[in-house]
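In: pasting a predicted model and its sequence here:
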Amino acid sequence: MWTTVLAYVLGALIMLLGIGLSIGLHEVGHLVPAKLFGLRVPRYMIGFGPTLFSRRKGETEYGIKLLPLGGYISMVGMYPPAKDGTVKTSRSGFFQNLSDEAKKAEAQTLLPTDKGRLFVELPVWKRIVIMLGGPFVNLILAFVFIAIVMVGFGTSTPTTTVSEVYRCVLTQQEQQARNASDPVADECRAGDTPGPAYAAGLRAGDVVTSVDGVAVGRTDWDALTAAIQDKAGRPIEVVYKRDGASHATTLTPIKTTRPVTNKLGQVQSNPDGTAKTMDVGFAGIGSTTEVLPQPIWSVPAFVGENVKAVAGVVLDLPAKVIGVTKAAFGSEPRDPNGPISIVGVGRIAGDITAMDTVSVKDKVASYLSLLGSLNIALFVFNLIPLTPLDGGHVAGALWEKIRKAFNRLSRRRDPGPVDLTKMLPVTYAVAAIMLLMGAVLIYADIVKPVTLG
């Protein structure tokens with residue numbers, strides 16, 4: 001028992017260090033261009049809450065705080081001063097006072113030497129570079145972690161070596177009815193539709209080398225299945241090797257309905273939420289998988305698919321969190337592809353660490369894969385165009401550029417920088433929603449966690 005507990009603690013600590021590194025480098029992505037563009041950066045902090053350690057170097061205080069739930073850098077001049085250069089605090093209205101108080105707090109941090117070094121005084125493109133620097137670092141980290149796994153360790157790759165051949169083919173309804181009447185029975189019966197590959201003579205261990213006149217290599221399983229799926233009801237020639245000798249046979253794929261999946265193996269959905277399906281040819285063979293190194297040029301496509309998948313989750317985040325809430329407080333199953341918290345990530349890392357049947361090499365690869373996925377999530381999430389996220393500041397800068405261009409064309413005076421203090425109600429609302437979602441995910445990851453397998 002204690003060994004398992006220690007394994008979970010070790011896995012959680014590994015992930016905590018990895019997350020801390022990712023957050024720290026995210027903030028470096030903001031810090032470096034900010035300093036290059038001449039901004040004064042008073043603080044660079046990892047975490048929130050009480051400060052555990054800090055040291056001042058030049059104009060910047062660098063430190064680590066108690067709660068490793070994020071990080072930040074403070075840059076002078078994030079909010080524009082009042083048009084007359086003063087800060088008024090007696091305006092009526094709650095939201096107006098929020099804006100004034102924010103500007104007042106900002107003004108108290110300014111020094112005489114900051115003139116010309118304010119964030120809002122930078123050209124729009126420089127502000128965008130600074131705010132995108134953090135997410136860009138996360139994307140680079142994701143690429144590095146995933147590249148190490150795919151190129152250095154290898155990934156599970158389906159090969160053209162046949163793992164199994166189905167003697168007969170049953171519909172899902174037939175299989176369910178048969179299992180209900182006799183759960184242990186696993187034999188074909190008279191009248192069952194023979195499996196096309198079995199009827200053609202293919203057996204487990206055969207290595208397919210050609211399909212319909214097109215040669216397929218050892219790792220061309222996708223090309224093999226695509227050729228079969230495109231030939232439903234049409235006979236095709238299959239060349240294979242068995243015990244070193246080459247053989248040829250003819251099989252006729254049967255038409256069947258299968259769910260549509262992306263390159264990550266995730267089932268795609270229709271607009272109404274039902275699984276997207278298509279009619280394809282089916283031969284009734286399985287693939288032997290091997291862990292094989294991948295070429296470096298396959299990494300961008302894989303990262304891109306992950307970015308699209310995470311973006312889909314983020315776009316549907318409210319519904320996803322509602323699903324997690326129903327699972328946590330009810331009997332519904334947890335969506336394994338839904339959002340998880342830092343606690344959930346730690347539990348998965350603990351599951352990996354506690355597995356006696358998994359080698360140290362495979363555990364390291366799994367940790368790196370998790371960190372790659374986490375950095376993709378940080379990249380996508382921070383691009384949401386709402387403050388206080390980086391995307392909100394980018395949206396503000398772009399709106400300022402558009403507004404200036406429009407005023408220039410209409411020969412109106414320049415209204416100056418966009419005043420993001422007016423977005424403080426949205427900022428507070430977004431922060432509150434993020435805290436609430438975080439609390440729900442943490443609770444769900446405790447009572448009904450996503451587990452391996």
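Out: Structure received.

In: P33 against F136, yeah?
Out: No: here P33 lies out of contact with F136, judged by C-beta atoms under 8 Å, at a distance of 9.8 Å. Every residue, glycine included, has its C-beta placed from N, CA and C.

In: so how far is G312 from F302?
Out: Noted for F302: a distance of 16 Å to G312, by C-beta to C-beta, to the nearest Å.

In: same deal with L67?
Out: Relative to G312, and taking C-beta to C-beta, L67 is found at 29 Å.

In: again, but for W399
Out: From W399 over to G312 the distance is 26 Å, taken as C-beta to C-beta.

In: quick one, strands of the stretch 251-400 of the chain?
Out: 254-259, 277-282, 285-292 (DSSP state E, counting those that start in this stretch).

In: next, format those as CSV and append distance to G18.
Out: CSV is the format used below for these (distance: least, C-beta to C-beta, whole Å):
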stretch, distance to G18
strand 254-259, 33
strand 277-282, 38
strand 285-292, 22
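
In: I'd like to know which of the ones you listed is closest to V41.
Out: Smallest distance to V41 across these (C-beta to C-beta): 44.4 Å, for strand 285-292.

In: can you list the strands that that closest one pairs with?
Out: Sheet partners assigned to strand 285-292 using DSSP bridges are listed as strand 155-165 (antiparallel).

In: what does the partner strand contact?
Out: Strand 155-165 has contacts (C-beta atoms under 8 Å, 6 or more residues apart in numbering) with 149, 195, 197-198, 202-209, 216-222, 224, 240, 284-292, 294.

In: got the contact list for whichever helix or strand comes after it?
Out: Moving toward the C-terminus from strand 155-165, the next helix or strand (DSSP states H and E) is strand 168-169. For strand 168-169, contacts defined as C-beta under 8 Å, 6+ apart pick out 188-189, 192-196, 198, 254, 256, 282, 284.

In: apply 6 Å and report the result again.
Out: For strand 168-169, contacts defined as C-beta atoms under 6 Å, 6 or more residues apart in numbering pick out 188, 192-195, 284.

In: how far off centre is that strand?
Out: For strand 168-169, the gap between its own C-alpha mean and the chain's C-alpha mean amounts to 38 Å (C-alpha atoms, centre = their mean, to the nearest Å).

In: who does it pair up with?
Out: Strand pairing for strand 168-169, using DSSP bridges, gives strand 193-194 (antiparallel).

In: more neighbours: W399 and G312, which one.
Out: Shown here are W399 and G312; by other C-beta atoms under 10 Å, G312 has more neighbours (17 against 14).

In: enumerate every residue touching the more buried one.
Out: By C-beta under 6 Å, 6+ apart, the contact list for G312 is empty.

In: can you tell me how far it is from T261?
Out: 14 Å.

In: next one: D192
Out: From D192 to T261 the distance is 27 Å (C-beta to C-beta).

In: low pLDDT regions in the stretch 151-300 of the chain?
Out: Applying pLDDT under 70 to the stretch 151-300 of the chain flags residues 171-172, 174-176, 178-187, 262-267, 271-273.

In: 80 instead, please
Out: Within the stretch 151-300 of the chain, the segments meeting pLDDT under 80 span 169-193, 256-279.

In: looks like A377 contacts V310 (just checking).
Out: Yes: the pair A377 / V310 is scored as a contact, 5.4 Å apart, by C-beta atoms under 6 Å.

In: now do the closest residue to G18 other than its chain neighbours, the pLDDT please.
Out: Nearest residue to G18, sequence neighbours excluded (C-beta to C-beta, 6 or more residues apart in numbering): L371, at 4.5 Å. Model confidence at L371, given as pLDDT, is 93.

In: N382 too?
Out: pLDDT for N382: 91.
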